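>>> just to be clear, the model below is a prediction. Sequence and coordinates:
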Amino acid sequence: MTRARVRADLAMQPGYHSPQVDVAVRLNTNESPLPPPAEFTEELVAEIAEIQWHRYPDRGASALRAAIADHHGVDASRVLAANGSNEVLQTILLAYGGAGRAALTFEPTYAMHGQIARTTGTAVIEGDRRDDFGIDVDLLRRLVAEHQPAVVFLCSPNNPTGTVDPPDTVLAALDATDGYGGLVVVDEAYGQFAPRSAIELVHDDRSLVVTRTYSKTWAMAAARLGYLIGPSWLVSELEKVVLPYHLDTMTQTAGRVALRFEQAMQRRVAQLGEERGRLVAGLTRLELDVFPSDANFVLVRPRELSGDHVWNALLDASVLVRNCSSWPRLDNCLRITVGAPEENDRLLAALQEIL
Ligand SMILES: *Cc1c(COP(=O)(O)O)cnc(C)c1O
């Protein structure tokens with residue numbers, strides 16, 4: 001038998017790998033260690049009981065979009081929601097990437113930007129971040145002028161480094177791409193942890209979108225819900241490529257109900273920010289280089305032992321972190337999600353033992 005031939009450009013791709021292991025302390029995927037409040041579940045269950053299961057969902061997710069728009073103080077025509085911000089990113093690339101087009105990333109950054117680009121047949125141009133993981137604006141201008149990428153990805157705070165871009169970076173990217181009609185995408189999956197957001201720059205006269213997710217600060221990784229804020233003309237183009245009824249009624253409902261508990265979300269963000277301070281103080285006392293972070297995770301590099309060794313030893317202690325040690329430009333690095341206090345204590349105790 002001749003196996004069906006996959007696209008040649010996909011045959012070379014590794015796919016997404018992040019071990020899902022049953023451990024006592026899970027600090028590997030930047031989830032919230034705390035669930036949403038009990039009242040959220042109660043209100044959600046009551047609304048789910050009312051769902052008309054024989055009917056398709058609201059195709060335009062109008063109530064959810066209105067609630068998100070209200071949350072950000074923008075018009076609902078500027079919101080697109082999808083199954084996780086990954087589907088949002090894929091939608092952007094289906095409409096604005098594709099054959100003969102390129103996306104620009106600044107590495108190391110969120111691996112899905114490059115991966116989804118390649119999946120959609122978009123070429124990927126990788127710029128290097130500086131040693132402090134910030135973006136060199138001159139390099140950005142040079143790469144944009146040279147390649148005229150259809151999409152420029154920024155990520156602030158950046159995963160996996162925790163770096164926040166200054167406003168100049170977004171403005172420089174907008175300025176550089178404006179002449180030929182490029183699109184700037186700012187991934188703000190950790191936006192609520194950062195001192196500033198690019199959402200206030202979104203305008204019908206700028207080719208800028210900002211993506212957000214419910215997976216992290218909203219403590220709803222189980223739901224698969226993300227969205228973008230962008231110009232309404234751009235949202236209309238994106239609506240042409242999403243599948244009909246892609247966002248199911250339960251997810252739309254969960255997203256709407258969650259927004260009623262914004263204060264609880266802000267409290268979680270504040271608690272995690274404090275807990276990050278405590279975690280960083282503990283990590284700094286160990287034989288590790290600790291990179292500054294404005295997110296709910298911290299990138300570290302063991303000074304003496306290899307990243308692989310430390311990752312495995314942590315796993316033996318039933319603590320799972322993200323092993324970035326073989327990723328380009330991140331030799332021996334590990335990314336640690338800020339967990340609940342007792343989880344962070346277990347991590348610190350295990351690290352102390354190992355190092
Ligand atoms: C976690 C994360 C996402 C979230 O993706 P979802 O599909 O919404 O779960 C997006 N971007 C970055 C940078 C992330 O770290």
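Happy to help now that I have it.
>>> rest of the way, CA atoms for contacts and neighbours
OK.
>>> which bits of this structure sit near the ligand?
On the criterion C-alpha under 6 Å from any ligand atom, the ligand has as its neighbours in the chain the residues Gly84, Ser85, Asn86, Tyr110, Asn159, Asp187, Ala189, Thr213, Ser215, Arg224, Leu225, Gly226.
>>> mind redoing it with 8 Å?
29-31, 83-88, 109-110, 112, 155-160, 187-190, 211-216, 221, 224-226 (C-alpha under 8 Å from any ligand atom).
>>> show me how to select, in ChimeraX, the buried members of these.
Those of these that count as buried under 16 or more other C-alpha atoms under 10 Å are selected in ChimeraX with:
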select :29,30,31,83,84,85,86,87,88,109,110,155,156,157,158,159,160,187,188,189,190,211,212,213,214,215,216,221,224,225,226
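>>> in helices, which of the residues of the chain next to the ligand fall?
Here DSSP state H is the test, and these give Gly84, Ser85, Asn86, Glu87, Val88, Met112 as lying in helices.
>>> list the contacts of the residue of the stretch 101-250 of the chain at minimum distance from the ligand.
In the stretch 101-250 of the chain, the residue that lies nearest the ligand is Thr213 (4.3 Å; C-alpha to the nearest ligand atom). Counting by C-alpha atoms under 8 Å, 6 or more residues apart in numbering, Thr213 touches Gly84, Ser85, Glu188, Ala189, Leu225, Gly226, Tyr227.
>>> so Thr105 sits right up against Glu126, yeah?
Yes - the pair Thr105 / Glu126 is scored as a contact, 5.1 Å apart, by C-alpha atoms under 8 Å.
>>> higher neighbour count, those two?
Remark: of Thr105 and Glu126, Thr105 carries more neighbours, 24 against 15, as counted by other C-alpha atoms under 10 Å.
>>> Lys240: neighbouring residues, count only.
Other residues near Lys240 come to 12 when the count uses other C-alpha under 10 Å.
>>> farthest pair in the contacts of Thr213?
Farthest apart among the contacts of Thr213 by C-alpha to C-alpha are Glu188 and Leu225. That separation is 13.8 Å.
>>> nearest to Val257 among the contacts of Thr213?
Val257 has its nearest neighbour among the contacts of Thr213 in Leu225, at 12.6 Å by C-alpha to C-alpha.
>>> what's that closest one sitting at in phi/psi?
In terms of degrees, to the nearest 10, the main-chain angles of Leu225 are phi -150, psi 130.
>>> distance between the helix or strand of the chain with the lowest mean pLDDT and the chain's centre?
The helix or strand of the chain with the lowest confidence, counting by mean pLDDT, DSSP states H and E, is helix 8-11 at a mean of 88. How far helix 8-11 lies from its chain's middle: 25 Å, per C-alpha atoms, centre = their mean, to the nearest Å.
>>> show me where the stretch 101-250 of the chain has helices.
111-119, 137-147, 167-178, 232-239, 249-258 (DSSP state H, counting those that start in this stretch).
>>> average pLDDT for the shortest one, rounded please.
Within the predicted structure, the mean pLDDT of helix 232-239 is 98.
>>> tell me which residues in it are buried?
Ser232, Leu234, Val235, Leu238.
>>> and which of these is nearest Tyr16?
The shortest gap between Tyr16 and any of the buried residues of helix 232-239 belongs to Leu238, at 24.4 Å (C-alpha to C-alpha).
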